[in-house]
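Colleague: Sequence first, then the predicted structure, then my questions.
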Amino acid sequence: MPSKLNDDAITRHLADLPGWSLEQGKLRLEHRFADFSAAFAFMTRVALIAESMNHHPEWFNVWATVRIDLSTHDAGGITELDIELAQKINQLLNDSPASA
Ligand code: H2B
C-alpha cells in the first residue's frame with residue numbers, strides 16, 4: 001500500500017495533471033462531454049482501468065458531465081495510486097477528447 005503524499009508532493013504532481021485540483025483532500029476532475037453517450041463511454045473505459053488497478057474512483061455523472069474524486073481509502077489520503085489513475089484518465093481524454 002503506497003503511503004499518503006504530503007501537500008508539497010501533491011502540488012508538484014498537480015502541475016502535470018491539467019484539469020485536476022485538490023478538493024477536500026481528494027484529486028478532483030470535472031469534465032463535460034458532447035453528450036451522455038460520450039460521458040458513459042469514458043466512464044466505461046475508466047472503470048476497466050480502475051478494476052485492473054484495483055483502485056476505484058468516487059464519481060458523479062449528470063448527462064454529459066462527469067466529476068471524479070480520487071483518494072486512497074485504505075491510506076486515508078492521496079497516494080501515488082491516485083496520481084497514476086489520474087494520469088491514465090488524462091491520457092484517455094487526450095486520446096478521445098469528446099468534450100462539449
Ligand atoms: N479504491 C480506492 N480508491 N481506494 C482504496 O483504498 C481501495 C480501492 N481499496 N479499491 C481496494 C479497492 C480495497 O478495498 C480492496 C479490498 O482491495
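Modeller: Ah, there it is.
Colleague: So residue 4 sits against residue 78, correct?
Modeller: Yes. At 6.7 Å, residue 4 counts as touching residue 78 under the criterion of Cβ atoms under 8 Å. C-beta here means a position set from N, CA and C on the backbone, and glycine is covered the same way.
Colleague: Find residues that contact each of the two.
Modeller: Listed as contacting both residue 4 and residue 78 by Cβ atoms under 8 Å, 6 or more residues apart in numbering are residue 72.
Colleague: between these two, who's got more neighbours?
Modeller: Comparing residue 4 with residue 78 by neighbour count (other Cβ atoms under 10 Å), the higher total belongs to residue 78, at 24 against 16.
Colleague: Quick check, pLDDT for the more buried one.
Modeller: The per-residue pLDDT reported for residue 78 equals 98.
Colleague: so the residue nearest to residue 18 when sequence neighbours are not counted is in which element?
Modeller: Excluding the flanking residues, the one nearest residue 18 by Cβ to Cβ, 6 or more residues apart in numbering is residue 90, at 6.8 Å. Taking DSSP states H and E as the criterion, residue 90 maps to helix 80-95.
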